[in-house]
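Chemist: missing the sequence, but the structure's below:
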Ligand SMILES: [Zn+2]
């Protein structure tokens, strides 16, 4: 499942690639993913709106849209809307320019032909005012677009919600989210407060609880705890203040590094070009079972904690 670094990579890409574009249409063959509207109502409500930008809380994506177009100004949806997307297990977003679909630059790799990028179940048709429109596409039956935002989702667990921007943060699942692991609010003081309230929790489970700290999943909890030299089953109340400090520093460090590497593609995750991230190449313990620890040479072990795999070095982690 995409975690904070993967989602941040997508957010950065979206702000570069589709900010300022206008939504001119939508297609879906999996309407079930849209949780609060039918595909036709959803399409009607987003069409004509401009993309103001993308942001993130934990693993949750928000794409803010402008107020409705002038011709609809009298309608109740004149205010801004927000598209809330959760990629779940296998989802990722692709941005494609219509005009470069056929002609690629020399040496440019076309990731769209790769199987992982071909489970497209939703398409937003966009116009970018800075991109030339193809004159042929003025045909009334042809949608006037020069770019698409596409949602590839092999397992079809991905989730889409459209609501008024002012209401989106009131959604139950958003309201209940814990502090974002890369936000300024998540500082050492806050981390200590969080741990103080849960002395009996196992640190490896607490780190993944989205309602306590949001953004860390299975991959990064293994990496964070390895870098901190702490076993995931350790009880929070038994950690020394030095160990707590160490975990906090490594949360920020590991996530920051993973963002720099454009996330981890150990399976389905891809960026908006359809290209894999690079962090899996430098991972120290996650999915490294039976390999030697880079620090001490001990063989990496896989354990199960809270029904999920966690990877540890029994030589380095205490
Ligand atoms: Zn080791």
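Modeler: Great, that's in hand. From a predicted model like this one, the values you see are computed outputs, not experimental measurements.

Chemist: quick one, domains of the protein?
Modeler: 4-175, 179-312 (automatic domain parsing).

Chemist: okay, those in TSV with distance to the ion, mean pLDDT and mean neighbour count next?
Modeler: Quick note: C-beta positions are derived from backbone N, CA and C, even for glycine. Listed next are these as TSV, based on distance: least, C-beta to the ion, whole Å; pLDDT from 0 to 100; neighbours: other C-beta atoms under 10 Å:
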stretch	distance to the ion	mean pLDDT	mean neighbour count
domain 4-175	23	88	17
domain 179-312	3	97	18
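
Chemist: Let me have these in JSON lines, adding distance to residue 318 as columns.
Modeler: Conversion of the domains of the chain to JSON lines gives the following (distance: least, C-beta to C-beta, whole Å):
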{"stretch": "domain 4-175", "distance to residue 318": "26"}
{"stretch": "domain 179-312", "distance to residue 318": "6"}
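
Chemist: residues making contact with the helix or strand residue 12 falls within?
Modeler: Using DSSP states H and E, residue 12 falls within helix 4-17. Identification of contacts with helix 4-17 by C-beta atoms under 8 Å, 6 or more residues apart in numbering yields 2, 53-56, 58-61, 63, 87, 92-93, 95, 147, 149, 180-182, 214-217, 220, 255, 258-259, 261-264, 269, 271-273, 277, 279.

Chemist: Setting aside sequence neighbours, what's the nearest residue to residue 308?
Modeler: The spatially closest residue to residue 308, leaving aside those adjacent along the chain, is residue 218, at 5.3 Å (C-beta to C-beta, 6 or more residues apart in numbering).

Chemist: What does the one you found show for phi and psi?
Modeler: When quoted as degrees, to the nearest 10, the phi and psi of residue 218 stand at phi -60, psi -40.

Chemist: Now do the strands in the stretch 201-318 of the chain.
Modeler: Using DSSP state E, counting those that start in this stretch, the strands of the stretch 201-318 of the chain run over 213-214, 301-305, 308-312.

Chemist: who touches the shortest one?
Modeler: Strand 213-214 is touched from outside by 4, 57-60, 177-181, 186, 191, 194, 206-207, 251, with contacts defined as C-beta under 8 Å, 6+ apart.

Chemist: which two in those are spaced the farthest apart?
Modeler: With C-beta to C-beta as the measure, no two of the contacts of strand 213-214 lie farther apart than 60 and 191, at 20.7 Å.

Chemist: Tell me where the protein has helices.
Modeler: For the chain, the helices defined by DSSP state H cover 4-17, 39-46, 165-168, 172-175, 188-197, 203-206, 218-228, 241-260.

Chemist: which strands and helices sit next to the fourth one?
Modeler: So the one you mean is helix 172-175. The contact analysis (3 or more C-beta pairs under 8 Å, 6 or more residues apart in numbering; DSSP states H and E) places helix 172-175 against no helix or strand.

Chemist: for it, the distance to its chain's centre please.
Modeler: Relative to the mean C-alpha coordinate of its chain, helix 172-175 is positioned 16 Å out (C-alpha atoms, centre = their mean, to the nearest Å).
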